[in-house]
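J.: Fold the following and give me the result.
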Amino acid sequence: MQGFHMIQLTEERLTLNINTVYLWLINIDNEIENMDHLRQLLSIEEMDRANRFVFEKDKQRYIVTHSILRLIISKIISLEPLSIRFTVKKRDKPCLNHPEHQDIHFNLSHSGKYIIIALALKTELGIDIEFINPVLDRDQMVLSFCSKQEIDTYHQLPVDLKIKAFYTCWSRKEAFIKAIGEGLYFPLNDFSASIDSRTKPELTFHGKVPFHQNWTILDIPLDDKDYVSALVFEGSGYQVQFNYWTTWGHREKW
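T.: Numbering: from 1, shown residues only. Next up, the predicted model:
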């Protein structure tokens, strides 16, 4: 049965269930005081990349994202965080560079003050989180990035629902193109995501697509209503376990 459930994480090894997608939501502001320690968990290449960011906020976001990803994976594969190796697949989708752990899939997203990490066994997945920016020229964005079906639905919505509708649609589409590993290389008008945040999330494909269509899409309910988030994974029947990451620990939500 698919749904959201609570998980209790400890400092011990984390054993993944094959029918579960795990999510961690991280508030970057809560990790600023730990920055010196988090830096020590990154590889030389990662620190070089972090240091190339012009703005300190971007640098901090990168450090927090990649150090906590290492901490989570270290609990799963019983390696020290610095011993974990990463590589990329086609279109630069990151993955583990450990042949014995190729069945572990993960994805990352960040927006504003939040980072979200998704992880599962033996299923491709994509995660997205978006800050709802009320001043964005969303009408132009809809014309540029949405399918005809999405555009038609958007224009039928009441004005007060259009801001959230655009970000809901965008997070759903972004999660999908990340799940299939294509990113923005995949034509965004070749598929549609349901745009009304009040309706069940769905994907519709237009014409022939170069992959099977057995994907599940879910909205991730967040306490902070200035953000929306969506998850897409291959197959069906998975449960979702969501955690808030707190300083050197975890607090379960569902």
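J.: where do the strands sit along the stretch 51-200 of the chain?
T.: Counting by DSSP state E, counting those that start in this stretch, the stretch 51-200 of the chain has these strands, from start to end: 86-88, 94-96, 104-111, 114-121, 125-131, 191-193.
J.: Could you list which residues are in contact with the residue nearest the centre of the chain?
T.: The chain has residue 127 as the residue nearest its centroid, 2.4 Å off, counting by Cα atoms, centre = their mean. Residue 127 is in contact with 23, 107-109, 116-118, 175, 178, 220, 229-232, counting by Cβ atoms under 8 Å, 6 or more residues apart in numbering. The way it works is simple: take the backbone N, C-alpha and C, and place the C-beta from them, glycine included.
J.: Not counting its neighbours along the chain, what's nearest it?
T.: residue 118 (3.9 Å; Cβ to Cβ, 6 or more residues apart in numbering).
J.: tally of neighbours for that neighbour?
T.: Close neighbours of residue 118, defined as other Cβ atoms under 10 Å, add up to 27.
J.: That one bridge partners, please.
T.: Bridge pairing for residue 118 (DSSP bridges) gives the partners residue 23, residue 107.
J.: Let me know the closest of the contacts of residue 127 to residue 135.
T.: Within the contacts of residue 127, the smallest distance to residue 135 is 20.7 Å, found for residue 229 (Cβ to Cβ).
J.: Confirm that that closest one sits in a strand.
T.: Yes: checked against DSSP: H, G, I helix; E, B strand; the rest coil, residue 229 lies within a strand.
J.: would you put the C-alpha positions of stretch 15-28 in PDB?
T.: The C-alpha atoms that make up stretch 15-28 are tabulated as PDB, following Å, rounded to 0.1, in the frame of the first residue of the first chain:
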ATOM      1  CA  THR A  15      18.700  -0.800   6.500                       C
ATOM      2  CA  LEU A  16      16.600   0.100   3.500                       C
ATOM      3  CA  ASN A  17      13.400  -1.700   2.600                       C
ATOM      4  CA  ILE A  18      13.000  -2.600  -1.100                       C
ATOM      5  CA  ASN A  19       9.500  -1.200  -1.300                       C
ATOM      6  CA  THR A  20      10.200   2.200   0.400                       C
ATOM      7  CA  VAL A  21      11.300   5.600  -0.800                       C
ATOM      8  CA  TYR A  22      13.100   7.600   1.900                       C
ATOM      9  CA  LEU A  23      13.000  11.400   2.100                       C
ATOM     10  CA  TRP A  24      15.000  13.800   4.200                       C
ATOM     11  CA  LEU A  25      14.100  17.500   4.400                       C
ATOM     12  CA  ILE A  26      17.000  19.800   5.600                       C
ATOM     13  CA  ASN A  27      16.700  23.400   6.600                       C
ATOM     14  CA  ILE A  28      20.000  25.000   5.700                       C
END
